[in-house]
Each structure stands twice: as C-alpha cells, then as structure tokens.
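> Predicted model, plus sequence, below.
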Amino acid sequence: MATLENKTEQEARAEILDLVKQYAYTFHRRKPYRPGDRIPYASRVYDQAEMVSLTDAALDFWLTSGRYAAQFEAGLAEYLHVKHCALVNSGSSANLLAFMTLTSPLLGERAIRRGDEVITVAAGFPTTVAPIIQYGAVPVFVDVTLPQYNVDAAQLEAALSPRTKAVMLAHTLGNPFDVGAVKAFCDRHGLWLVEDNCDALGSRYTLGGEERFTGTIGDLGTSSFYPPHHMTMGEGGAVYTNDPLLARICVSFRDWGRDCRCPSGVDNLCGHRFDRQYGELPLGYDHKYVYSHFGYNLKATDLQAAVGCAQLAKMPGFVERRRHNFDRLYLALEGAADRLILPQAEPHSRPSWFGFLLTCRPGVDRNAVVRRVEAAGVQTRMLFAGNLLRHPCFSPMRASGEGYRAVGELPNTDRIMNDTFWVGVYPGMTDDMVDEMARVILAAVNEP
C-alpha cells in the first residue's frame, strides 16, 4: 500500500493496469505449438487487453452489470447492425430469454401459450429445445440435411398445424440454415423466428440481395460467450432484436420481470417513479417494484462484460482465421471424400465456422475413427445431442407419445447420431496444427 499513498486513484489504477499488462505478456502468452502437443477442438484466444479490461472492472468493484455491460451491449449491437441487445449470463439463458419473450401477454394473440407448437430440430444442443418443453409448449421436430446439418426446409409445411406459433433453430456449427426458405415460411404463416446464433457469431447470409449477419434476420437472435465459442467472456450470452417491443419484453424477463427499465443503480430515468398506477396497485407505488412478467435474474456481471469488450474488438480477425482454418482442412481432406462426407456451406451463406463436421460413409466405423483420432492427440466432439429424442431426458415423453411431435422418422438425425463427429477450427490454431489434424484424420479413416 505504501507505494500508492501519494498517488491519485487515477494514477494508482494506471500503475496497476500497466503491471497487469506486463504480467499477462510475461505469463499468459500463448505457447507455440510443438509436434506431439494435444490439439483441442477449441480454446480461449486472448492477450493483455482482456486481462487489463477484467482488472479495470475489478477495481471498480461494481460486481453486477454496469458500465462495461452497457458498453458491450452497444458494441455487439453495432457489430451486428441491430438496434437492441441484452447481455445475459449464458447462451442457454439467452435461448430461454428469447423464447420466454414470445410468451408475453403484451404480444396478444401472437403470444406463445402452453400447448402451442414450435418447429425445431433434434440434431443440436438441447438448450435450443429445452425452453419450449419447460414452458409447456410442444416442440415439433423435423429432419436435417446432409452435409449442411441444418433443418430440411422442405419439411416445414408438413410440420405446420393450427397451433404452430414459432420456429426456433440453430445455425449448426457456424453454417447458416436456409434462412431464405425458413423466413419465407414464417412470413407466410405469421410465425415468430428465433435464430439460435450461439455457434455462428460472425456468419452471414445474403437475402434479397443484402448480406446480413445471422441472428439478425429473424425476430430474435441469441449468442453464447462460453470459452469455446467465437468469442468469450467465460460465461455469458446475449439476445438481440430490431423490434422495440420484443426488446422491452426481453429486458423485463431478464431483470426479474419488472416493468421499470432503469439499469442497476439508476433510479427514475422516466421521471414517473411515484406518480402512476399499475394493475391493482395503489397510485404512486414505486415503479422499480412493479412486475409485468414472471421473470428471472439472468444478468451478467461487469467482470464478464469487460472481457467481452476486449474480445469483441478481435471478432473480425477471429472470423477470418476460422474461415482460413476450415478451408485449409477441407483441402487437406478432399482425398478422403470416398470415406468421409465433408461439410458443405449453405448456398447464399458465408459461414463463421465453429467446427469441421465429418460423417463416416458406410463401411467406416465412426467410433473406431474417433478413438484413433483422440489417441493421436486430436480432440473431437459429437454434434451435441446427435438426436435429442434418444436421450434419457426424453424417455418419459417417448413412452407416453405426448408433449412433442416429429415429422417422420428423422433418418438423417439418426445418421448424425451414429456416424458424425467434428474437430475444431478455432482462431488459435496454426497451419501446423491444422495440417497435423488432417494427417491424423486421414490415417484414422484409412486404417484397416
């Protein structure tokens, strides 16, 4: 403490942050890849900027959402070219919040009610579907296409019923789904469209001659900032929209369901905190404690947001490196196309790839290939749930035949469950790492 006694707070903070910058450079520099090192499917990519930003937020000791959260929301909205962004504590919370927004009574007849149906897919991450079931709505599953691994848009009309209210789909591992067909279907039938963009931040899709970011074309989009994702703040997520009413509802559900929109630590922005009447409450009841929804507390902290602000500045470079790594790996594996189905970008899209999906052709044992690849030091992943309907959490619903519908037998979804795996293309990968992954995969699929 003695060294700071004669300094102003601003001078002391600058000195601390300079030491953190030196510490990060000295002890947190990424070690160069050496042959034989394990190659993970994903990893954090950061430098001094993130650690300095995190420490700056810690010195504020605000702890909940504050100036960095507001800065991040504005920055992500600017990056995606959307009007409204709400920061939350995880991507799964973002999906929950996006779905619950569509249940608000403020939406009138378009609000999703218990028993209403939402079209989705079973090949993906469970928290795209979980909010539908948890609320008491009915997921309707359609199959996916290979080698895009996204919704088969040709099945959407067969999934439609008088109770259908929305479509909620993920862009699989950065590859946009057929946004043109899905959006046209939703517009034709007056349905909400939620884009789970958690694995696709930075992906683009051209619609009507205009290239737009995925997550911004439907009514609501979501992102995740868990460490393996396109950028990270440790835990974190976001919901974004261009619709002011949806944005207002979203923030209400995030912030305990309250009607007031003042941020944490701020009072009476509207100037009417004590002079209005709500519901059956007495006139002048404190608006900060008026609740328009049965909400949650899904806010992120300023510590998370501070890391996110530094990461957001790196997003364009992250996206380009992911594309570079994907293209290099694709070229290296083209010679194994008779053994492996290689991934294919959706037409009209420019993916920000999260991973490189591979499906074993008949005669190639996925489990054997994965064991060989892992044993050689390359980390793999399944396409998340594979087929969510086959998991223990779905057993009671399958046994009763209630609470969900499926269009057909979902053969491609089962194929993915049985034959598909993926490896990473994260921006921290060097060309040497990508080449080693290719060598290992080729050896694994060609081994007798």
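The structure has been received and is ready for your questions.

> hang on, isn't residue 275 packed against residue 285?
No - judged on Cβ atoms under 8 Å, residue 275 makes no contact with residue 285 at a distance of 10.2 Å. C-beta here means a position set from N, CA and C on the backbone, and glycine is covered the same way.

> who does residue 341 bridge with?
residue 359 (DSSP bridges).

> That one: what's it in contact with?
146-147, 358-361 (Cβ atoms under 8 Å, 6 or more residues apart in numbering).

> the more surrounded of residue 275 and residue 285?
Comparing residue 275 with residue 285 by other Cβ atoms under 10 Å, the one with more neighbours is residue 285, at 16 against 9.

> in this structure, which spans are helices?
9-27, 48-60, 67-80, 91-101, 130-135, 156-159, 179-189, 244-254, 302-312, 315-333, 366-375, 395-400, 411-419, 431-446 (DSSP state H).

> Could you chop the chain up by domain?
59-312, 315-446 (automatic domain parsing).

> re earlier: please work out which of the helices of the chain is packed deepest.
Neighbour counts (mean count of other Cβ atoms under 10 Å) averaged over each of those peak at helix 91-101, with a mean of 27.

> What distance do you get for residue 261 to residue 102?
Note on residue 261: its distance to residue 102, by Cβ to Cβ, to the nearest Å, is 19 Å.

> which one of the two has more residues nearby?
residue 102 (25 against 14).

> Look up phi and psi at the residue lying closest to that one once chain neighbours are set aside.
Leaving aside its chain neighbours, residue 102 sits nearest to residue 112 (4.8 Å; criterion: Cβ to Cβ, 6 or more residues apart in numbering). Main-chain torsions, residue 112, degrees, to the nearest 10: phi -80, psi 130.

> I'd say residue 112 and residue 103 touch.
Yes - if you go by Cβ under 8 Å, residue 112 and residue 103 touch, sitting 4.9 Å apart.

> joint contacts of these two?
What both residue 112 and residue 103 touch, as defined by Cβ under 8 Å, 6+ apart, is the set residue 135.

> where in the stretch 301-448 of the chain is pLDDT low?
For the stretch 301-448 of the chain, no stretch has pLDDT under 70.

> which residues sit in contact with the closest residue to residue 35 other than its chain neighbours?
Leaving aside its chain neighbours, residue 35 sits nearest to residue 436 (7.1 Å; criterion: Cβ to Cβ, 6+ apart). If you count contacts by Cβ under 8 Å, 6+ apart, residue 436 has them with 35, 39, 378.

> What's the PyMOL line that selects buried ones from these?
Selecting only the buried entries of the contacts of residue 436 in PyMOL, with 16 or more other Cβ atoms under 10 Å as the criterion:
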select buried, resi 39+378
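
> still on that earlier bit, and the helices of the chain: which comes nearest residue 352?
Residue 352 lies closest to helix 315-333 among the helices of the chain, at 4.5 Å (Cβ to Cβ).

> For the closest one, give me every contacting residue.
In contact with helix 315-333 (Cβ under 8 Å, 6+ apart) are residues 45, 79, 174, 201-202, 230-231, 340, 342-343, 351-354, 356, 358, 423, 425-427, 429, 431, 434-435, 437-438, 441-442.

> State the pLDDT value of residue 267.
Listed pLDDT for residue 267 reads 86.

> Oh, that last question was meant for residue 1, not what I typed.
For residue 1, pLDDT reads 49.

> would you list every one of the strands in the stretch 151-300 of the chain?
All strands of the stretch 151-300 of the chain, identified by DSSP state E, counting those that start in this stretch, fall at 164-170, 192-196, 204-207, 210-213, 220-224, 237-241.

> any idea of the angle the second one forms with strand 237-241?
If you take axes from the mean of the first three to the mean of the last three Cα atoms, to 10 degrees, strand 192-196 sits at 150 degrees to strand 237-241.

> same deal with the first one?
Between strand 164-170 and strand 237-241, the angle comes out at 130 degrees (the same axes, to 10 degrees).

> And strand 164-170, how far out from the chain middle?
16 Å (Cα atoms, centre = their mean, to the nearest Å).

> do stretch 6-13 as well
Mean-position distance between stretch 6-13 and its chain equals 40 Å (Cα atoms, centre = their mean).

> avg pLDDT for it?
Rounded mean pLDDT across stretch 6-13 is 93.

> Contacts for it, please.
By Cβ under 8 Å, 6+ apart, stretch 6-13 touches 4, 15, 56, 59.

> Now it - C-alpha only, CSV.
What follows is stretch 6-13 as a C-alpha-only set of coordinates in CSV (Å, rounded to 0.1, in the frame of the first residue of the first chain):
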residue,chain,number,x,y,z
ASN,A,6,1.0,9.6,-2.7
LYS,A,7,-0.8,8.8,-5.9
THR,A,8,-4.3,9.8,-7.0
GLU,A,9,-6.8,7.0,-7.7
GLN,A,10,-6.3,7.5,-11.4
GLU,A,11,-2.5,7.3,-11.1
ALA,A,12,-2.8,4.2,-8.9
ARG,A,13,-5.1,2.5,-11.4
